[in-house]
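> Okay, predicted coordinates and the sequence, questions at the end:
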Amino acid sequence: MEESESVWEDLSNIPADPPSKRKLCDKCKRPAVVCWCSALPSERITPRSNIILLQHPAEEKRCLRTAPMLQLGLAENKCLIFKGKRFPLTRHENLENILRQPNTILLYPSKASINIEELDSKEPSYNIVLIDGTWPQAKAIYASSPILHTIKQVKLVCRNISNYIIRTQPTEGCLSTLETAAEALSQLEMDPKYSELLVRPLHMLCQYQLDNGAVTHQSKEFLIKTKTYPKLIGKRLSKLLKSTNDNDESLTNFTKNGL
């Protein structure tokens, strides 16, 4: 009887409410212990151009995404995020108007895309549209959004290696959404501060992950070249790598999560 009473006493001491969650940062919404807000620019940067992110819904669930760093690093309303699998939808207020403006450009590596450096330098500002998602997600969004096919398409041609070293990139030239936007702004505004200041939170995030057990990831392209890639190579990856090698350019600068 005493044992039974002891069990009930133990059960009665269990709190009815669930344990409190870790304290979250008010800005980045990450747990305070892994907050990267201290690495943000001391003052939010105000470029002439605007960043427009067309974000696949799955991106919002990723804990290591870089879009929030971009949105918090730039001045308010300088980085707009629209979520969906096709664009525009009726809920995307003012997006169609933005996409139809003559100074809107789409960072997308199509056959029709031109080097971003070839854009008219006399244009005071641009609406820079990026698709935020994996390569298959980005292709699906592009295919299901006919309005994107009518926008002037540009590409980044750079030799930068991504600092997003805790994620596996498809090819050596792939950059995260944050890095792509920062590089595009630096080139269009002719000011290196964007690619220097905006990516600091990413450095902080990666360093924290590495200090706590994460490992540096090489790109799929590097692993394949060194014959250390653990999986069979699919047709899509083979075609992408062949195109990259033939053109000696980065084909997928706007995607960060793989093929």
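Looks like it came in fine.
> CA atoms for contacts and neighbours, from now on please.
Will do.
> need the contact list for Lys72.
Actually, residue 72 is Leu rather than Lys. Neighbour list for Leu72: Lys27, Cys28, Leu40, Arg44 [criterion: CA atoms under 8 Å, 6 or more residues apart in numbering].
> which of those lies closest to Tyr142?
Of all the contacts of Leu72, Tyr142 sits closest to Cys28, with 28.6 Å by CA to CA.
> and that closest one, how far is that from Pro68?
7 Å (CA to CA, to the nearest Å).
> can you check Glu118 too?
29 Å.
> neighbouring contacts of stretch 123-132?
Under CA under 8 Å, 6+ apart, the answer for stretch 123-132 is 48-56, 59, 98, 103-108, 138, 141, 177, 181, 254-255.
> Leu74 and Leu148, how far apart?
Going from Leu74 to Leu148 by CA to CA gives 24 Å.
> low pLDDT regions in the stretch 151-259 of the chain?
Scanning the stretch 151-259 of the chain for pLDDT under 70 picks out 158-173, 209-259.
> Do you have the strands of the stretch 51-200 of the chain handy? List them.
Secondary structure of the stretch 51-200 of the chain (DSSP state E, counting those that start in this stretch): strands at 79-83, 104-107, 114-115, 127-132, 152-155.
> so Glu183 sits right up against Ser195, yeah?
Yes - applying CA atoms under 8 Å, one finds Glu183 in contact with Ser195, separated by 5.3 Å.
> These two: who's more crowded?
Neighbours were counted for Glu183 and for Ser195 using other CA atoms under 10 Å; Glu183 has more, 26 against 19.
> In contact with the more buried one, which residues are there?
Tyr194, Ser195.
> The contacts of Leu72 into TSV, with extra columns for neighbour count?
Below are the contacts of Leu72 laid out as TSV (neighbours: other CA atoms under 10 Å):
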residue	neighbour count
Lys27	11
Cys28	16
Leu40	21
Arg44	16
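> from those residues, which two are the most distant?
Cys28 and Arg44, at 14.1 Å, using CA to CA across these.
> Contacts only, for Glu43.
Gly73.
> what about it, distance to Ser121?
Computed as CA to CA, the Glu43 to Ser121 distance reads 26 Å.
> picking that back up, among Glu118 and Pro68, which residue is more densely surrounded?
Each of Glu118 and Pro68 has its neighbours counted (other CA under 10 Å); Pro68 has more, 17 against 8.
> isn't the more buried one right next to Lys27, touching?
No - at 9.3 Å, Pro68 does not count as touching Lys27 under the criterion of CA under 8 Å.
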